[in-house]
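*Asks:* Attaching a predicted model along with its sequence, questions to come.
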Amino acid sequence: MTADQPRIELLGFQDCPNTPALRKNLKAALESMAKRWVIIDTDQEKLPESDPRRRWPTPTILVNGHDLFGMPAPSGTGMGCRMYPGGVPETVEIEQRLRDALQPD
């Protein structure tokens with residue numbers, strides 16, 4: 001990861017049926033943007049119980065620690081499934097949200 005790259009983290013776990021689809025669409029979005037950014041692929045089940053990333057529903061994309069789709073940081077204590085309206089976000093939606101999230105202020 002380079003200094004000018006945003007921290008892009010995919011939170012999921014092995015038995016989540018939506019994690020592979022979101023991973024595929026996120027990779028395709030980055031390819032479409034001609035970015036060679038690294039995706040940090042985090043298995044939430046392997047994180048310590050005290051790690052706040054375990055609280056996010058699965059799958060979730062965090063960009064610089066913030067949910068790409070605007071969900072506030074959860075205050076709960078356990079993992080759960082994330083249901084996106086209309087199913088797993090498509091490549092074009094992920095790409096647009098990445099562009100919006102990474103625009104300079």
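*Replies:* Yep, that arrived.
*Asks:* Can you list the residue ranges for strands in the protein?
*Replies:* Counting by DSSP state E, the chain has strands at residues 8-12, 39-43, 60-63, 66-67.
*Asks:* Quick check: which ranges of this structure have low pLDDT?
*Replies:* 1-3, 105 (pLDDT under 70).
*Asks:* Centre-most residue in it?
*Replies:* Ile61 (1.0 Å; Cα atoms, centre = their mean).
*Asks:* just checking, that residue touches Arg7?
*Replies:* No: using Cβ atoms under 8 Å, Ile61 makes no contact with Arg7, being 11.0 Å away. In short, each C-beta sits where N, CA and C put it, glycine included.
*Asks:* which one of the strands of the chain is the most hemmed in?
*Replies:* Of all the strands of the chain, strand 8-12 has the most neighbours on average by mean count of other Cβ atoms under 10 Å, namely a mean of 22.
*Asks:* How about residues contacting it?
*Replies:* Strand 8-12 is touched from outside by 18-19, 22-23, 26, 30, 37-44, 53, 56, 58-63, 98, with contacts defined as Cβ atoms under 8 Å, 6 or more residues apart in numbering.
*Asks:* next one: that strand to chain centre, how far?
*Replies:* Relative to the mean C-alpha coordinate of its chain, strand 8-12 is positioned 4 Å out (Cα atoms, centre = their mean, to the nearest Å).
*Asks:* Adjacent strands (with direction) for that strand?
*Replies:* strand 39-43 (parallel), strand 60-63 (antiparallel) (DSSP bridges).
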